[in-house]
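1. what follows is a predicted protein model with its sequence.
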Amino acid sequence: MLERIRSERVAHLVQSDIRAMTQRCVEVNGVNMGQGICDTPPPGEVIQGVTLALEKGANRYTRYDGVKRLRHALSERLARDNTLNVDPETEVVVTVGSTGAFAATVTALCNPGDRILLFEPYYGYHLNTARVAGLEVDMVPLNPADFTLDEQALEAKAKGARAIVVNTPGNPSGRVFTRDELTAIAQICQRHDLLCITDEIYEYFLYDDHAHISMATLPGMKDRTVTISGYSKTFSITGWRIGFVAAPRELAEPIGLVNDMYYVCAPSPLQYAVADTIQALDPDFYQSLAREYQAKRDRFCQLLDQVGLTPRVPEGAYYVLADISRLGCETSHQAAMTLLEEAGVATVPGSAFFSGPDGEHWTRFCFGRTDKTLEAAERQLLEWAERSNNAR
Ligand SMILES: Cc1ncc(COP(=O)(O)O)c(C=O)c1O
């Protein structure tokens, strides 16, 4: 009886494969390379910033769109790093993580029944949040060989849609969209009058010579783009829930109203700590972050090659899709479970990122881990590869 008491809006929600895998990983005492939780330490400045903020009594609700210091710090850094100029008083909303930013955006700017486009492979929260908001989600597959933009596939879906979600650097694809790709998306947005919601949470995780370009800086896009990002990943503070939206005043205002209604404000002392840290860190910090993660990527992708799980080497973010065909399983779920049981390493099955069967030969590793965790995963995967080679 009680299980029937569930709203239709959330009827489709089930425990994600990511959570289930994490639970099983704990049971078998495995190494968790699945969930996107970084266990690398946050910068010292942000930790000291919280103590300072608490000592100064930052215990009250803040303005619904965030404390002045953080809105101004964000506006300055968007101008410096993204060449995006926004008014800190009217065009920035501090949110409860970028997840809260996305939820507030779709609730504030889309109507139930509207169609929203997601590139596939997609990030599961985008899909589920849009569905809970009553939207119809339509997938636009990226080219399967290299996850580049398939312009024709997008054009075919664009007519009559309300919005499109762009995620660059992408989870789980690892793609950093080029200027040409973004320009093509921008032109389609303008031709079909689409709102563009761009999730740029991995904007500082860039490898080789890939550069991050914010969609809102492309000609004609500022007025129809909501830029979403946050500090979960950049400062390794996933549990703090500090994100933000940058958008034209007319869009930021309703997003702020929804943010106020659902969350009131982001945690006050944490807002001050993040603001001061953004101001204190120089560009070196972000460059060495990218270098550090590139070293992790290189090392981990080399290992995947070595153990026969061929990686799609990412250009940005900190996930890698690896080909699990060698396990000979029928589904990516079975393959990921086999890898967990046999090698003691948890991953996320490719099916979590695709609506159809295209994800069944992939599993996703998250390499946003300390070197110690990466070494443990490496050891276990090498031992597993040796055992399974000997067994053949
Ligand atoms: C693409 C993408 N957006 C948003 C998030 C969540 O960010 P936040 O912690 O700011 O809510 C993640 C986390 O894995 C992500 O991969």
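-> Yes, it's here.

2. to what extent is the closest residue to Phe177 other than its chain neighbours buried, counted in neighbours?
-> In this structure, Phe177 finds its nearest non-sequential neighbour in Thr168, 4.3 Å apart by C-beta to C-beta, 6 or more residues apart in numbering. To be clear about C-beta, it is placed using only N, CA and C from the backbone, and glycine gets the same treatment. Look at Thr168: counted by other C-beta atoms under 10 Å, it has 27 neighbours.

3. quick one: contacts for Thr168?
-> 175-177, 182, 198, 200, 212-213, 215, 316 (C-beta atoms under 8 Å, 6 or more residues apart in numbering).

4. where strands are concerned, which of the residues you listed count?
-> Here DSSP state E is the test, and those give Thr198 as lying in strands.

5. between the contacts of Thr168, which sits nearest the ligand?
-> Glu200 (8.8 Å; C-beta to the nearest ligand atom).

6. how far away is Val94 from the ligand?
-> Remark: distance between Val94 and the ligand (C-beta to the nearest ligand atom, to the nearest Å) = 12 Å.

7. and the residue of the stretch 251-392 of the chain found nearest the ligand, its phi and psi?
-> At 7.2 Å from the ligand, Ala317 is the closest residue in the stretch 251-392 of the chain, using C-beta to the nearest ligand atom. Ala317 adopts backbone torsions of phi 60, psi -170, taken as degrees, to the nearest 10.

8. surely Ile320 touches Gly368?
-> To be clear, residue 320 is Val; Ile isn't right here. No - here Val320 does not reach Gly368: they are 10.6 Å apart, not a contact under C-beta atoms under 8 Å.

9. hang on, the earlier thing: among the contacts of Thr168, which two are most distant?
-> Spatially, the most separated pair among the contacts of Thr168 is Met215 and Gly316, at 14.8 Å (C-beta to C-beta).

10. count the neighbours of Val132 for me.
-> Residues lying near Val132 (other C-beta under 10 Å) number 16.

11. mind listing what the spatially closest residue to it that is not a sequence neighbour touches?
-> Counting by C-beta to C-beta, 6+ apart, Val132 lies nearest to Arg9, which is 5.3 Å off, once chain neighbours are set aside. By C-beta under 8 Å, 6+ apart, the residues touching Arg9 are 131-132, 134.

12. same question, Leu374
-> Counting by C-beta under 8 Å, 6+ apart, the residues that Leu374 touches are 296, 299-300, 367.

13. select only the buried ones of those in ChimeraX?
-> Of these, the buried ones go into a single ChimeraX selection, burial set by 16 or more other C-beta atoms under 10 Å:
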select :296,300,367
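
14. from the contacts of Leu374, which land in helices?
-> Of the contacts of Leu374, the ones assigned to helices by DSSP state H are 296, 299-300.

15. and the residue of the stretch 1-150 of the chain nearest the ligand?
-> Gly97 (2.9 Å).

16. how many other residues sit next to that residue?
-> Neighbours around Gly97, by other C-beta under 10 Å: 24.

17. my read is that it contacts Gly230, right?
-> Yes - Gly97 is within contact range of Gly230, at 5.6 Å (criterion: C-beta under 8 Å).

18. and the residue nearest to Val132, what pLDDT?
-> Per-residue confidence (pLDDT) for Arg9: 86.

19. for the stretch 201-350 of the chain, which spans come out with low pLDDT?
-> Of all residues in the stretch 201-350 of the chain, none has pLDDT under 70.

20. where do the strands sit along it?
-> Secondary structure of the stretch 201-350 of the chain (DSSP state E, counting those that start in this stretch): strands at 225-230, 242-246, 311-312, 319-323, 345-346, 348-349.

21. if we can go back for a sec, distance of the residue nearest to Val132 from Asn128?
-> 11 Å (C-beta to C-beta, to the nearest Å).

22. three-state assignment of Leu118?
-> strand (DSSP: H, G, I helix; E, B strand; the rest coil).

23. got a list of what it touches?
-> Counting by C-beta under 8 Å, 6+ apart, Leu118 has contacts 126-127, 130, 137-140, 164-165.

24. out of the residues you listed, which end up buried?
-> Using 16+ other C-beta under 10 Å, the buried members of the contacts of Leu118 are 126-127, 130, 137-140, 164-165.

25. next step: these restricted to strands.
-> Reading strands off the buried ones among the contacts of Leu118 with DSSP E, I get 137-140, 164-165.

26. residues contacting Leu70?
-> Contacts of Leu70 (C-beta under 8 Å, 6+ apart): 94, 244, 271-272, 274-275, 278.

27. wait, is it part of a strand?
-> No - the assignment for Leu70, made by three-state DSSP, is helix rather than a strand.

28. which residue, other than its chain neighbours, is closest to it?
-> Per C-beta to C-beta, 6+ apart, closest to Leu70 is Ala275, 3.8 Å.

29. and the residue nearest to Leu251 when sequence neighbours are not counted, what is it in contact with?
-> Sequence neighbours aside, Val226 is the residue nearest to Leu251 in space, at 5.8 Å (criterion: C-beta to C-beta, 6+ apart). If you count contacts by C-beta under 8 Å, 6+ apart, Val226 has them with 105, 109, 195-198, 245-247, 251, 255.

30. please apply the same query to Cys196.
-> Contacts of Cys196 (C-beta under 8 Å, 6+ apart): 163-164, 166, 185-186, 189, 215, 221, 224-226.

31. quick one: which of those is nearest to the ligand?
-> For the contacts of Cys196, the nearest to the ligand is Val166 (10.6 Å; C-beta to the nearest ligand atom).
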